[in-house]
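K.L.:
Sequence below, structure please.
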Amino acid sequence: MTTQYDADLALFINGGWKIGEGRDLFPVVNPASGDTIAEVPLATPADLDAALAAAETGFALWKNTPVEQRAAVLKKAAALIRERADTIATLLTLEQGKVIAEARAEVLSSAQTFDWCAEEASRTYGRVLVRPTGQRAMVIKQPVGPVAAFSPWNFPVYLMAKKLAAALAAGCSVIAKPPEETPGCTGAVMRCLADAGLPAGVAQLVHGVPDMVSRHLIASPVIRKVSFTGSIPVGKHLMRLSADSLKRVTMELGGHAPVLVFEDCDLEKTLDMVVPQKFRNAGQVCVSPTRFYVQQSIYQRFVDGFAERTQGITAGSGLDSDSKMGPLANVRRPGAIEALVEDAAAKGAKVRAGGKRGNAGFFFQPTLLADVPDSADIMNNEPFGPVAVAAPFADLDDAIAKANRLPYGLASFAFTQNLRTANLLGDALESGMVGINTFAVSAADAPFGGIKDSGFGSEGGPEGMDSYMVPKAIHQA
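P.N.:
Numbers count the residues shown, from 1 in each chain. Have a look, this model is predicted:
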């Protein structure tokens, strides 16, 4: 596997790749070292206008393309992603920092998503309604139109693929705006689509100043739907922009996932699951388990076991085979995490493991804070980093109240051997996804989305496909 950064960074508009050519450039930084490794060209307003025109023309072609042909392109793209998985994963690690095994798993999950959406494309069934003899009424589903898809840097390949695959399978054209921090790996996925035979104009890829790009695309009447994964403040901003032209929106806005650990769980097995999951992608996961509420009778044993395992996690370059956790993705994150840890400690939390920044790159030690009060900022604001916070609970009602007390509702987790407790938790936890004795809440065939301030709508599953389609009722007398 090559470890050199080798990517042709460019915009992809109307089937063609556009490089610098006088455009402003954005530095691409390796977060393990802090060094600039490349520069990506940023789209101009003229580029965005060209992308919009291409998406409009591409939609007229693609929506009328037989579903079997659409599916074949997506299947071919999936095969190419698998074929190029090692190269794409290396670019992902160099740009974003996650360890190479996680990067490769992300790339392969993206291929699976294209495969699943290709198969689901032919199952967008409508309905025939009961009417008197001689009359007919039916409901059909049609693609909503050109889509503006905005995806973040924490899972740049997978989250862009989820939007692209579902939208294209539904018959929509797409303008994808992935993060400037990770242009090589996302561009490589777009090259797989182009090499799979996707017609010109059906999918575009643009990088640029986020506010300028979002305002320009959302203001255009060409765009019929906006799909966004990212922070709550930005999501609300994009919703306001979308409201002016009543565009459909899907918003996945992160969370602050609670984990309820009950005294009847297999404690050692639970710890062996939760610690690696907490520090996956350095905690930069929208469904990362973060607020660990543990039943009082096992609380101290849980904290001791969590701290011991956390201290054994090696942080380093994602390309180093000894590394179990990579750096944070950008220069802003270590300072933000440090401020949250210092605030919690000042308010009485105990630092049981980690708690310090690294000496080079954008590293922060895997960290456990115990006895964290509700007044600590980290108990109320998603850290999006390698910090777990722990506090005890008394009983089931207390656990549910603690889990549901925040305005977020993306994912919740619980560990218990009691089936009745599991059933009650599934109903009572206020989140779009609940994992009982598992963290596997993201799958190609299942809806992924939140409630409350964590957004609305779903990516994944038939529900995610439906978000790129509109129902039409046809009545004939």
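K.L.:
Listing request: residues of this protein with sub-threshold pLDDT.
P.N.:
Counting by pLDDT under 70, the chain shows low-confidence ranges at 1-2.
K.L.:
can you tell me which helix in it is longest?
P.N.:
Taking DSSP state H as the criterion, the chain has its longest helix at helix 100-120.
K.L.:
Give me the next element, helix or strand, following that one.
P.N.:
Using DSSP states H and E, the helix or strand that follows helix 100-120 in sequence is strand 127-128.
K.L.:
ok so, going back, so which elements touch the longest helix of the chain?
P.N.:
Judged by 3 or more C-beta pairs under 8 Å, 6 or more residues apart in numbering; DSSP states H and E, helix 100-120 is in contact with helix 67-83, helix 85-96, helix 156-170, helix 461-466. C-beta coordinates here come from the backbone N, C-alpha and C atoms, glycine included.
K.L.:
How far away from the center of its chain is the third one?
P.N.:
Distance of helix 156-170 from the chain centroid (C-alpha atoms, centre = their mean, to the nearest Å) equals 11 Å.
K.L.:
now the last one
P.N.:
The chain centre lies 16 Å from the centre of helix 461-466; the measure is C-alpha atoms, centre = their mean.
K.L.:
Tell me how the chain divides into domains.
P.N.:
Listed by automatic domain parsing, the domain ranges of the chain are 11-253+454-476, 258-443.
K.L.:
ok now do A443, which residues does it touch?
P.N.:
Residues near A443 by C-beta atoms under 8 Å, 6 or more residues apart in numbering: G460, G461.
K.L.:
again, only using 10 Å
P.N.:
For A443, the contacting residues are S109, Q112, T113, W116, G460, G461, by C-beta atoms under 10 Å, 6 or more residues apart in numbering.
K.L.:
need the residues you listed in JSON lines with neighbour count and distance to I223, can you?
P.N.:
JSON lines is the format used below for the contacts of A443 (neighbours: other C-beta atoms under 10 Å; distance: C-beta to C-beta, whole Å):
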{"residue": "S109", "neighbour count": "18", "distance to I223": "27"}
{"residue": "Q112", "neighbour count": "18", "distance to I223": "28"}
{"residue": "T113", "neighbour count": "28", "distance to I223": "23"}
{"residue": "W116", "neighbour count": "21", "distance to I223": "25"}
{"residue": "G460", "neighbour count": "22", "distance to I223": "22"}
{"residue": "G461", "neighbour count": "18", "distance to I223": "24"}
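K.L.:
could you dump those residues to a markdown table with distance to R291?
P.N.:
Output for these, formatted as a markdown table (distance: C-beta to C-beta, whole Å):
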| residue | distance to R291 |
| --- | --- |
| S109 | 26 |
| Q112 | 30 |
| T113 | 29 |
| W116 | 32 |
| G460 | 24 |
| G461 | 27 |
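K.L.:
Deepest-packed of the helices and strands packed on helix 100-120, please.
P.N.:
Highest mean neighbour count of the helices and strands packed on helix 100-120: helix 156-170, a mean of 28 (counted as mean count of other C-beta atoms under 10 Å).
K.L.:
Name the next helix or strand downstream of that one, please.
P.N.:
Assignment by DSSP H and E places the next element after helix 156-170 at strand 174-177.
K.L.:
I'd like to check the angle between the helix or strand just after that following strand and helix 156-170, please.
P.N.:
Where DSSP H and E defines the elements, the next helix or strand beyond strand 174-177 is helix 183-195. Comparing the axes of helix 183-195 and helix 156-170 via axes from the mean of the first three to the mean of the last three C-alpha atoms, to 10 degrees yields an angle of 30 degrees.
K.L.:
Relative to the whole chain's centre, how far out is helix 183-195?
P.N.:
The answer for helix 183-195 is 18 Å, by C-alpha atoms, centre = their mean.
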